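Trainee: my questions concern the predicted model and sequence given below.
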Amino acid sequence: MKPVVLGCVVGLLLALSSAQVVAQPLAEIARREKLRREALAAKAAAENVSLKVYTNADLRGGGRLTTSSGQTSAPAASAEGSAATPTAEGTPETDGAAAAATEDQWRNRINAVRQARDRAQLMVAALQNRVDGLWTEFTSRDDPAQRAVIEQDRQAALDELENTSAEIEDLTQQIADIQEEARRANVPPGWLR
């Protein structure tokens, strides 16, 4: 009994000491990173150089990177501004009605279809479970009248299972269609995740 207690005490001490060993370097790393960032900001202020900010428009520019000067964070394009934004040549780009949609609209659209597909998949699993249970109940009954009622219920569940499986195929096709539409509208892939 004593070796077990001794082993528990030693394990507890090792666990506590390892937490302190890990916590100290993390604190030191955080302090060093803060000092590094302060030094970069001081250097930029001393040289009167502003930091480069890359925007989403830079990513859509087809390899032409432009930088914005200043202390601003990445600007968010509004629904009105994304339909006609100036490019490097100064001409407005028009991607059609699909480009006017914002990130939230694309996310909401694809998530609604995905949630419907997930619900349908859960329904298929439940219906399959019901069909299996009705089959077990059907085979365990001897009374023909009870078997007939159970078989009707089972057939109704099989029909609903078939309809729900067809619905899953339709929803999967809708997801593929939305992804293709987004690809054609040059929507960033991250918006559909």
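Mentor: Structure's in. What do you need?
Trainee: looking at it, residue 59 is touching residue 189, isn't it?
Mentor: No: assessed by C-beta atoms under 8 Å, residue 59 is found out of contact with residue 189, at 11.3 Å. Using the backbone N, CA and C atoms, a C-beta is placed for each residue, glycine as well.
Trainee: average pLDDT across the strand or helix carrying residue 17?
Mentor: Using DSSP states H and E, residue 17 sits within helix 2-46. If you average the pLDDT over helix 2-46, you get 77.
Trainee: again, but for stretch 56-68
Mentor: Regarding stretch 56-68, the rounded mean pLDDT is 57.
Trainee: elements contacting the helix holding residue 17?
Mentor: Applying 3 or more C-beta pairs under 8 Å, 6 or more residues apart in numbering; DSSP states H and E, one finds that helix 2-46 makes contact with no other helix or strand.
Trainee: how far is that helix from where the chain is centred?
Mentor: How far helix 2-46 lies from its chain's middle: 32 Å, per C-alpha atoms, centre = their mean, to the nearest Å.
Trainee: can you give me the helices for this structure?
Mentor: 2-46, 56-60, 79-83, 103-140, 144-184 (DSSP state H).
Trainee: and the nearest residue to residue 158 once chain neighbours are set aside, what does it touch?
Mentor: Spatially, and ignoring its direct neighbours in sequence, residue 158 is nearest to residue 131 (5.8 Å; C-beta to C-beta, 6 or more residues apart in numbering). Residues near residue 131 by C-beta atoms under 8 Å, 6 or more residues apart in numbering: 154, 157, 158, 161.
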